[in-house]
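> starting from these lines, generate the structure:
(2 chains)
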Amino acid sequence: MTLPFLPIWFVNLLGSILMIILSFMCLSKIVELKKSDESNVIWIYLFWICCGFIAFAMSRSIGHILKWHFLFSGSESMWNIIRPYTGAVNTLMFIFVASVTLFFERIWKIHQQVIKDKQALQSAHQELLYLSQNLENLVVERTASLAVSESKYRRIFEVSRDMILVAEKDGVIVDMNPAGYKMLGFNDADRDLKQKRFNNFFASEADWKSIISSIVKKGFVSNYEVTLKCSDGSDKRSLVSGGMDNSPPEKDDTIHFLVKDIEQRRLIENQMAQTEKLASIGQLSAGIAHAINNPLGIILGYAQMLIRDEDIGTERYADLKTIEKHVKSCRSVIEDLLSVARSSPTARDSVRIHEIIDGVLNFVEHHSELYHIKIEKDYDMNTPPLLLNEKKTRQVLMNLILNATHAVGKSGTIRLSTAYNRGTRDVTIAVADTGYGIEEKNLSRIFDPFFTTKPTGEGTGLGLSVSYGIIKNHGGHISVDSMPGKGATFTVVLPVNSNGAGDKG
Amino acid sequence: MRPIKNIICRLFFFLTAAMVFSPDVVCATQIHGMPEGIYVHQIAHLFFMISMGFFIHWLRRRQLVKETGWRYIQYMAFFFILWNIDVFFLHLLDEQLGVIQVNLIDLTHIRIQSESRMRALEIFYYLASLDYLFCVPALFFLNLGLSHLVSENHSQTAVSMRSRSDDQ
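Below you'll find the model as predicted:
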């Protein structure tokens, strides 16, 4: 069958040229892609595919062009020489392109893994970049917040009213806050912790051992009451809480203590107990006094009636007088007892306390031997008039001054002082003597009714009780401070009532 | 040890010399005759075709054909499969089976003759000779696909550059 050759020739020639052109265009594209990312395995893969196609296109197209050239020019023998070579190269190129193509799946997996790793690296890089760019700011911020935190906790340590103490297990003090120094009686110059051990401040070594034992066993101790010995020798009752600190910054285990001073609280509790005790005794005494007072009145009445009918000088008259005298004495005691307990308002006037004190002193000087006793007066002239029952106040001062003269004995000093405190609006009257003082065991009983250190028959033991009752009735309070052998000081504090006269005395 | 080594070296030398100076037919070596070339060529076509088939399969499994560039590359593989089928049959008819005879009559005509004078086979052979109609589009689609990959790569680079500058 004869067919036109031109279409075949045209398609072959044009196709050969286009194959070469297109393969090189593909190569230029893939080179561009490869340049954009040299490490991209997909571009490398496509680059090798394109290289294969170029070789394939070149060998096939050139072979075909030469074929038709030799056939048309009548040199078929030449074509027969070249033909096996072009065919062989074509075959090799198919195999090459086909082989490279079969690596696509593996190459794609590698590419995905590379992308994943690249993203991870990029994110790590971003993070590092952020950190490196902001490291200084971050450090500044962290340092500032650390400084604020440190300052806050340092302030708590410094400002705390309770002792905060850090000690090692053997008691060696590592650090202590200012409240701790103050509590233990150190002044600013003594704030050297070298060789100081916390256990040395314990009045009882057993307390320290017990605390340490509890901390070692349980890791903490809570509100353990101990008595601490201050540097001035005084005792201070305190509540100790503490816990073991095992945090890494400490080179060894340390114990953090929080020590609360409860001395004042205990004193107040004692005072309250004393007040309650006196109030109870007062009520009891008042009950008894009231029950006895009426029969005594009847006895006194009948005794006085019998005296009236009896002749003076007779033995019977003398006996009745003795009965009358002792009944009156009993009534006086009863009256005093009632004064202790009575809390009913009494008539009060505006009085000048200094005048009352001077009046009492004059009375005592006339009735006692005060020749060898030195009287010192230290009046606060700003003391305002006080709203008081003058008679009862005089009685209180009389009791205190007479007690002082008895305590001083034949020679000594009695010091009378007043002080006006504008802040609390009260007046303090102090009667101090240089006598033998009061023993510590008696201090808590000194205001008890019928308590006396005087020999039997010389005192009823009601003077201070009555004084206590009177002062309480006036809204004030009375206290005593004494060291055996160094005298005693009775302090009366009376409120300045706003109903009284002006502030100036 | 040394004498044994010397003996082995001498033996090897004499054997090599005997083979060079006294050649003979070595039955262990297979002789490659004329038809092997065409078989290798045909197998290469089949291998090329199968690899292109796998290529299409992987592109579709990875859903890369959703991207324009890779879709065109898929078309490239498809046209190369067609081209391989085409030229495989051409080689089969004229070189392997020898059922077609082609003669150039003059510059404008050729004669295609089949052994059994089958007109359809002769026309098929004539049309199949236009195999560039498959391989040129294949390379055209490869070029188109790569062009799209280049433009996509450019746009991705621009986006990443922009985001990097935003970060900074």
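> use CA for all of it now, contacts and neighbours both
Will do.
> check which helix or strand covers B:Phe80.
helix B:68-91 (DSSP states H and E).
> give me the element A:Ser123 is part of.
Using DSSP H and E, A:Ser123 falls within helix A:104-159.
> which strands and helices sit next to that helix?
If contacts are counted by 3 or more Cα pairs under 8 Å, 6 or more residues apart in numbering or on different chains; DSSP states H and E, helix A:104-159 sits against helix A:41-72, helix A:178-183, helix B:35-61.
> so what does the helix holding B:Phe80 touch, helix or strand wise?
Using 3+ Cα pairs under 8 Å, 6+ apart as the contact criterion, the neighbours of helix B:68-91 among helices and strands are helix B:35-61, helix B:119-128, helix B:132-167.
> for the last one, packing partners?
Packing contacts for helix B:132-167, counted by 3+ Cα pairs under 8 Å, 6+ apart, involve helix A:6-36, helix B:68-91.
> quick check: mean pLDDT across the last one?
pLDDT averaged over helix B:68-91 equals 94, rounded to a whole number.
> residues touching that helix, excluding its own?
If you take Cα atoms under 8 Å, 6 or more residues apart in numbering or on different chains as the criterion, helix B:68-91 is touched by B:38, B:42, B:45-46, B:48-50, B:52-53, B:55-56, B:59, B:64-65, B:125, B:128-129, B:131-132, B:134-135, B:137-142, B:144-149.
> for that helix, buried residues please.
Taking 16 or more other Cα atoms under 10 Å in any protein chain shown as the neighbour-count basis, helix B:68-91 is seen to contain the buried residues B:68-91.
> tell me the angle whichever helix or strand comes after it makes with helix B:119-128.
Following the chain from helix B:68-91 toward its C-terminal end, the next helix or strand by DSSP H and E is strand B:100-104. Per axes from the mean of the first three to the mean of the last three Cα atoms, to 10 degrees, the angle that strand B:100-104 makes with helix B:119-128 is 60 degrees.
> strand B:100-104 packs against which elements?
With contacts defined as 3+ Cα pairs under 8 Å, 6+ apart, the secondary structure elements packing on strand B:100-104 are strand B:109-114.
> dump the strand it packs on to PDB, restricted to CA.
Output in PDB follows, covering the C-alpha atoms of strand B:109-114 (Å, rounded to 0.1, in the frame of the first residue of the first chain):
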ATOM      1  CA  HIS B 109       5.600   8.400  -1.000                       C
ATOM      2  CA  ILE B 110       6.300   5.300   0.900                       C
ATOM      3  CA  ARG B 111       5.100   1.700   0.500                       C
ATOM      4  CA  ILE B 112       3.900  -0.200   3.400                       C
ATOM      5  CA  GLN B 113       3.300  -3.900   2.800                       C
ATOM      6  CA  SER B 114       2.100  -6.600   5.200                       C
END
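> so what are the sheet partners of that strand and their directions?
The strands beside strand B:109-114 in its sheet (DSSP bridges) come out as strand A:2-4 (antiparallel), strand B:100-104 (antiparallel).
> enumerate every residue touching the most centrally placed residue in chain A.
When chain A is reduced to its mean C-alpha position, the closest residue under Cα atoms, centre = their mean turns out to be A:Ser160, at 5.7 Å. Each residue near A:Ser160 by Cα under 8 Å, 6+ apart is listed here: A:Asn177, A:Ala179.
> the same query, at a cut-off of 10 Å, please.
A:Arg154, A:Asn177, A:Pro178, A:Ala179, A:Gly180, A:Leu258 (Cα atoms under 10 Å, 6 or more residues apart in numbering or on different chains).
> would you map the helices across the stretch 251-400 of chain A?
Assignment of helices within the stretch 251-400 of chain A using DSSP state H, counting those that start in this stretch yields the ranges A:263-309, A:315-341, A:353-367, A:390-408.
> so where is chain B shaky, pLDDT-wise?
Where chain B drops to pLDDT under 70, the residues are B:1, B:23-34, B:160-168.
> err, the stretch 251-400 of chain A, not the other one
Residues of the stretch 251-400 of chain A that meet the criterion pLDDT under 70 lie in A:251-252, A:339-346, A:367-371.
> filter the contacts of A:Ser160 to the buried ones?
Buried positions within these, assessed by neighbour count (16+ other Cα under 10 Å), are A:Asn177, A:Pro178, A:Ala179, A:Gly180, A:Leu258.
> tabulate these in CSV, adding columns for distance to chain B.
Written out in CSV, the entries for those read as follows (distance: Cα to the nearest Cα, whole Å):
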residue, distance to chain B
A:Asn177, 50
A:Pro178, 52
A:Ala179, 54
A:Gly180, 55
A:Leu258, 52
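> and these, which two are the farthest apart?
Using Cα to Cα, the pair of the buried ones among the contacts of A:Ser160 lying farthest apart is A:Pro178 and A:Leu258, separated by 12.8 Å.
> overlap in contacts, the two.
Shared contacts of A:Pro178 and A:Leu258, counting by Cα under 10 Å, 6+ apart, come down to A:Ser160, A:Asp162, A:Met163, A:Ile164, A:Leu165.
> in ChimeraX, select just the buried ones from those.
Here the buried members of the shared contacts of A:Pro178 and A:Leu258 are turned into a ChimeraX selection, burial being counted by 16+ other Cα under 10 Å:
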select /A:162,163,164,165
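> pairing partners for the host helix or strand of A:Arg415, with directions?
Secondary structure from DSSP H and E places A:Arg415 in strand A:412-421. Looking at strand A:412-421 with DSSP bridges, its partner strands are strand A:373-378 (parallel), strand A:426-433 (antiparallel).
> which one of these lies closest to A:Gly243?
For those, distance to A:Gly243 was read as Cα to Cα. The smallest value, 44.8 Å, belongs to strand A:426-433.
> past the closest one, which element shows up next along the chain?
Secondary structure here is assigned by DSSP H and E; on that basis, the next helix or strand after strand A:426-433 toward the C-terminus is helix A:440-443.
> packing partners of that following helix?
For helix A:440-443, the helices and strands in contact under the criterion 3 or more Cα pairs under 10 Å, 6 or more residues apart in numbering or on different chains; DSSP states H and E are strand A:477-482.
> tell me the contacts of A:Glu324?
By Cα under 10 Å, 6+ apart, A:Glu324 lies in contact with A:Leu296, A:Ile299, A:Leu300, A:Gly301, A:Tyr302, A:Ala303, A:Gln304, A:Ile307, A:Ala318, A:Cys330.
> filter the residues you listed to the buried ones?
By neighbour count, with 16+ other Cα under 10 Å, the contacts of A:Glu324 hold A:Leu296, A:Leu300, A:Ala303, A:Gln304, A:Ile307, A:Cys330 as buried.
> what's the separation between the fifth one and A:Gly475?
According to Cα to Cα, to the nearest Å, A:Ile307 and A:Gly475 sit 44 Å apart.
> and the strands paired with strand B:109-114 as a markdown table, adding mean neighbour count and distance to A:Ile110?
What follows is those, written out as a markdown table (neighbours: other Cα atoms under 10 Å in any protein chain shown; distance: least, Cα to Cα, whole Å):
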| stretch | mean neighbour count | distance to A:Ile110 |
| --- | --- | --- |
| strand A:2-4 | 15 | 52 |
| strand B:100-104 | 16 | 48 |
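> what's the local residue count around the spatially closest residue to B:Ile100 that is not a sequence neighbour?
By the measure of Cα to Cα, 6 or more residues apart in numbering or on different chains, the closest residue to B:Ile100 outside its immediate chain neighbours is B:Ser114, 4.4 Å from it. By the measure other Cα atoms under 10 Å in any protein chain shown, the count of residues near B:Ser114 is 20.
> A:Arg348 reaches A:Asn389, doesn't it?
Yes: the pair formed by A:Arg348 and A:Asn389 meets the contact definition of Cα atoms under 10 Å, at 4.3 Å.
> perfect, that will be all.
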